[in-house]
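**Q** Take this sequence and fold it.
(one chain, ligands or ions: 2)
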Amino acid sequence: MKRVYIETYGCQMNVADTGLLYGALKADGFEKTTDPAEADLMLVNTCAIRENAEQRVVGRIGELKRHKREGDLLGVVGCMAQRLGDDLLDGTRHVDLVIGPDGYSGIGDLVARASDGERLVDVEFKSWEHYEEITPELDGGVSSFVTVQRGCDHRCTFCIVPMTRGPERSRKLADVVAEVQTIASRGVTEVTLLGQTVNNYNDGVDDFGQLLRAVGQVDGIRRVRFTSPHPNDFTDNVMAAMADVPEVCEHVHLPLQSGSSRVLKRMLRRYGRDDFLRCVDDLRNAMPGITLSTDIIVGFPGETEEDFEETLSLVNEVGFDDAFTFIYSVREGTPAEKLGDRVDPKVAGERLQRLIADVRTIARKKNVALVGKTAEVLYEKEARRGDLLQGRTRSNKVVLVERGKDSIGQYEEIRITGTTGSTFTGVPNPQRRALTVV
Ligand code: SAH
Ligand code: F3S
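**A** Ligands and ions are numbered 1, 2, ... in the order given. From the prediction side, this is the model:
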C-alpha cells in the first residue's frame, strides 16, 4: 500500500479539505501516515492569506524535500498553489504537483501521471465543485468541520481569498445533511459549518436559517457551530434559527477588521461602525449569553491614529471574548495593493501591541467573572498537562478538568474554579447546580 502524508496550514476549510484529500486518495489505494519520511506522496495544503503564511510554507517545502526518496512525490495544494500555479514548479525542481482548491477530484489521476514523470499544475476554478463523490476522512476528533459553501463573491480589498478559492457556491442542503448524518453515525456530536460568508449560504431553495434547522435535527448532533459569518448576512431568518435551534451554540466569530467607518469603506467591507454595533446588539438579543470573537487588521493603507483609536474604542465597547489580530499584509493582485498611504511597519507593529493589550484586558475581565459559574463541557482531548482533559463550553470557553481519557467525547456539567485569563480550570459539578454559563 502506498502512503500519503499531508501537512495543513491556514484556516478550518483547509483542515476540511485535507479530510477530502485523504478520502480521495484512500479510494486510490493510499493510506495515511504521520511520518513524512515513510510517505510515497507528501502534500502541503497551503494558505496565502498573509505573506508570513506563505514564507512558512516555502520553508517547509525546503525541509520536506529531504524526505524525498527515488519515486516519491511532493505536491503543493491549496490557496498558495492556486495563487502561484506554474511559478511553484519553476521555483523548485522538487515540487511535482500543484493543485488549487477546486482540483482535488482529479488528484488520483494527477498523482498517477506525476508518478510517470510528468510535472503537473491544475489551478482551474470549477464553480460547480462540491466534492460530493468523495467521502472525507474523519480525523478521529469529537468535532468535525463540514464545508457548506466554497469560494467568495465579496471583494474586500485586502483579501486574496476570492482569487484563490473562486466564485461563491453553496452545497445542496440535502447533501450537507447527508454528510452530517454520516459523521453523526460515527459518534461525532458537534459540527462546525464552514464558508467564507457562511450565513449567506443559499442553495437556490434554502437559506442558512433553514440549513441550521436541518443540521440541528440530525440524530446524534448536540452542538452546531459555524464560521465565518459576514455581519451583513444575519437576516431575520438566520437570527430566528439561531434563537430557535437548541443545538446552535452561543458563540459567533464575527470578523470586524476595523472600527473606523472610513477604513471599512476602503476595505470594501460593506458595513460601517454603527452597522457592526447594531449586528452585535441583534445577536445578543437573539441569543442571550452569546460570546463573540473577531478578526482585526491594523495598519491597513491610510489608517490614521484616529482610525486606530476607533478600533480600540469599538473593541472596548463590544467587549469581545477573543480576537485574532493581524498586521495588514499586501497581497499581489488585490485591490488594496494599489492604495497609497502605506502605514509605517513600525507604527503598525505598535498598534498591534496596543490592540492585543486591550483585547487581553477585556477577555481577562470577562473570564474572571465566570469563576464559580457552571457550564456544560464537551471533552475534546488530553490537555498538555497530564491527567487533565480539555473540554469546551457551548460558548467556546476552553476548560481543563481532571478526567480520564475515556471521558473524551462525553458531555459533563462542571463548575469553573479558576482562569489564566484566557482558559479555565473546572471540576465536575456533582450537585448539578443549575447551569449559569452556556
Ligand atoms: N471570510 C473569511 C476571511 C478569511 S481570512 C472569514 O471571515 O473567515 C481570515 C482573516 O484574515 C480575515 O478576517 C482578516 O482579518 C485576515 N486577513 C485577510 N487578508 C489579510 C491581509 N491581506 N492582511 C492581514 N490580514 C488579513
Ligand atoms: Fe475575504 Fe471578504 Fe470574502 S475577507 S473571504 S473577500 S468576505
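
**Q** Please pull up the helix or strand immediately following the lowest-mean-pLDDT helix or strand in the chain.
**A** When each helix and strand of the chain is scored by mean pLDDT, DSSP states H and E, helix 86-91 comes last, with a mean of 90. Per DSSP states H and E, the first helix or strand lying C-terminal to helix 86-91 is strand 97-99.

**Q** which strands and helices sit next to that following strand?
**A** Packing partners of strand 97-99 (3 or more CB pairs under 8 Å, 6 or more residues apart in numbering; DSSP states H and E): strand 73-78, helix 79-84, helix 86-91, helix 107-115, strand 120-122. Using the backbone N, CA and C atoms, a C-beta is placed for each residue, glycine as well.

**Q** can you do 6 Å?
**A** On a contact count with 3 or more CB pairs under 6 Å, 6 or more residues apart in numbering; DSSP states H and E, strand 97-99 meets strand 73-78, strand 120-122.

**Q** Out of those strands, which is closest to ligand 1?
**A** Of all the helices and strands packed on strand 97-99, strand 73-78 sits nearest to ligand 1, with 13.4 Å by CB to the nearest ligand atom.

**Q** Let me know the angle separating that closest one from helix 107-115.
**A** Using axes from the mean of the first three to the mean of the last three CA atoms, to 10 degrees, the direction of strand 73-78 lies 140 degrees away from that of helix 107-115.

**Q** near ligand 1, anything from strand 73-78?
**A** No. Using CB under 6 Å from any ligand atom, strand 73-78 stays clear of ligand 1, with a minimum separation of 13.4 Å.

**Q** what about that strand, average pLDDT?
**A** The average of the pLDDT scores along strand 73-78 is 97.

**Q** Wait, a helix at residue 21?
**A** Yes. The assignment for residue 21 is a helix, going by DSSP: H, G, I helix; E, B strand; the rest coil.

**Q** Now for it: which residues touch it?
**A** By CB atoms under 6 Å, 6 or more residues apart in numbering, residue 21 lies in contact with 6, 104.

**Q** Settle this for me: residue 129 is touching residue 104, isn't it.
**A** No. Using CB atoms under 6 Å, residue 129 is not in contact with residue 104; the gap is 8.3 Å.

**Q** Compare those two and say which one has the larger neighbour count.
**A** Per other CB atoms under 10 Å, whichever of residue 129 and residue 104 has more neighbours is residue 104, with 25 against 17.

**Q** so what pLDDT did that one get?
**A** 98.

**Q** show me the contacts for it.
**A** 20-21, 24.

**Q** Reformat these as JSON lines; add pLDDT.
**A** As requested, those are exported to JSON lines (pLDDT from 0 to 100):
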{"residue": "20", "pLDDT": "97"}
{"residue": "21", "pLDDT": "98"}
{"residue": "24", "pLDDT": "97"}
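
**Q** Among the residues you listed, which one sits closest to residue 403?
**A** Nearest to residue 403 out of these is residue 20 (CB to CB; 32.6 Å).

**Q** Next one: the residue lying closest to the closest one once chain neighbours are set aside relative to ligand 2, how far apart?
**A** Using CB to CB, 6 or more residues apart in numbering and skipping the chain neighbours, the partner closest in space to residue 20 is residue 136 (4.9 Å). Distance from residue 136 to ligand 2, counting by CB to the nearest ligand atom, to the nearest Å: 22 Å.

**Q** I'd say residue 136 and residue 22 touch.
**A** No. Applying CB under 6 Å, one finds residue 136 not in contact with residue 22, separated by 7.4 Å.

**Q** Report pLDDT for the closest residue to residue 200 other than its chain neighbours.
**A** Excluding the flanking residues, the one nearest residue 200 by CB to CB, 6+ apart is residue 233, at 4.3 Å. Residue 233 is assigned 97 on the pLDDT scale.

**Q** Residue 371 now?
**A** On the pLDDT scale, residue 371 gets 96.

**Q** now it, what's its secondary structure?
**A** From three-state DSSP, the assignment for residue 371 is coil.

**Q** Could you check how far it is from residue 365?
**A** Separation of residue 371 from residue 365 (CB to CB, to the nearest Å) stands at 12 Å.

**Q** same deal with residue 109?
**A** Note on residue 109: its distance to residue 365, by CB to CB, is 55 Å.

**Q** My guess is residue 209 contacts residue 239. True?
**A** No. The pair residue 209 and residue 239 fails to qualify as a contact (CB under 6 Å) at a distance of 7.9 Å.

**Q** Who has more neighbours out of those two?
**A** Using other CB under 10 Å as the criterion, residue 209 and residue 239 rank with residue 209 on top: 21 against 18.

**Q** and that one, what is it in contact with?
**A** Going by CB under 6 Å, 6+ apart, the list of residues near residue 209 reads 237-238, 241.

**Q** Flag every residue of the stretch 101-250 of the chain that's near ligand 1.
**A** Residues of the stretch 101-250 of the chain lying near ligand 1 (CB under 6 Å from any ligand atom): 158-159, 161, 196-197, 228.

**Q** Just the ones in helices from those, please.
**A** Cross-referencing these against helices under DSSP state H gives residue 161.

**Q** Which one (most neighbours) among the residues of the stretch 101-250 of the chain next to ligand 1?
**A** For those, neighbours tallied by other CB under 10 Å; top is residue 158, 25 neighbours.

**Q** so that residue sits right up against residue 336, yeah?
**A** Yes. Taking CB under 6 Å as the definition, residue 158 is a contact partner of residue 336 at 4.8 Å.

**Q** Near residue 313, how many other residues are there?
**A** Considering only other CB under 10 Å, residue 313 is surrounded by 14 other residues.

**Q** any idea where the strands of the stretch 151-300 of the chain begin and end?
**A** Along the stretch 151-300 of the chain, counting by DSSP state E, counting those that start in this stretch, strands occupy 169-170, 190-194, 223-227, 251-253, 291-298.

**Q** and those strands as JSON lines, adding distance to residue 382 and mean neighbour count?
**A** JSON lines is the format used below for the strands of the stretch 151-300 of the chain (distance: least, CB to CB, whole Å; neighbours: other CB atoms under 10 Å):
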{"stretch": "strand 169-170", "distance to residue 382": "37", "mean neighbour count": "20"}
{"stretch": "strand 190-194", "distance to residue 382": "18", "mean neighbour count": "23"}
{"stretch": "strand 223-227", "distance to residue 382": "20", "mean neighbour count": "22"}
{"stretch": "strand 251-253", "distance to residue 382": "23", "mean neighbour count": "24"}
{"stretch": "strand 291-298", "distance to residue 382": "24", "mean neighbour count": "22"}
